[in-house]
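J.: need a structure here:
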Amino acid sequence: MAQFTVVRDVRAPAGAVFARLVDWDAHSAAIPLTRLHHTGEAAVGQRFVARTGWGRLAFDDPMEVRLLRPPAGDGVGDVGGVVEVAKAGRVIAGRVRWTVTPTQSGSRVEWSQTLVVPWLPKFLDPLVGGVGRLAYTAGLRRILR
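T.: Below is the predicted model:
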């Protein structure tokens, strides 16, 4: 199991940042070779699939929203928002949790992820975590533009 966290400060209100992070179409536009297939708006219990790859060299990453609580406001001291998504794929499983907290200059996003790649030996977990951190840092930067 690989774990990593990405922290990013954003010069935008917490509510707007949270809305962008639960816009699954924004994820599709920002993450290369990945398209999220979903219906409706983000909600607890919503299931969707990320299809990653190119042509026949692709895999499905089924997910379910387990927790979704928007920020209580945009002011410092307001309760931040949180989302948790369970990944239940055969190729990649795990959990994604992100928080959006109001700050003086906008908001702070903390994206934590656990990746389980059951077909790889466990000694490669640090490599999986490092690659995951790099990929999700770049993806998060593009989503939040």
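
J.: In this protein, what residue spans correspond to helices?
T.: Counting by DSSP state H, the chain has helices at residues 14-21, 24-30, 125-143.

J.: Determine which of the ones you listed approaches Gly45 most closely.
T.: Proximity to Gly45 (Cβ to Cβ) singles out helix 24-30 among these, at 14.5 Å. Bear in mind the C-beta positions are built from the backbone N, C-alpha and C, glycine included.

J.: for that closest one, packing partners?
T.: The contact analysis (3 or more Cβ pairs under 8 Å, 6 or more residues apart in numbering; DSSP states H and E) places helix 24-30 against strand 34-37, helix 125-143.

J.: Okay, now the unreliable bits of the protein?
T.: Within the chain, no stretch has pLDDT under 70.

J.: returning to that earlier point: could you dump the helices and strands packed on helix 24-30 into CSV with mean neighbour count added?
T.: Listed next are the helices and strands packed on helix 24-30 as CSV, based on neighbours: other Cβ atoms under 10 Å:
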stretch, mean neighbour count
strand 34-37, 16
helix 125-143, 16
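
J.: hang on, the earlier thing: can I get the helices of the chain in TSV including distance to Leu67?
T.: Formatted as TSV, those follow (distance: least, Cβ to Cβ, whole Å):
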stretch	distance to Leu67
helix 14-21	13
helix 24-30	16
helix 125-143	19
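
J.: The ones you listed: which one's closest to Pro118?
T.: Nearest to Pro118 among the helices of the chain is helix 125-143; the distance by Cβ to Cβ comes to 11.4 Å.

J.: So what touches the closest one?
T.: 1-4, 6, 8, 20-21, 26-27, 29-31, 109, 111, 113, 115, 117, 120 (Cβ atoms under 8 Å, 6 or more residues apart in numbering).
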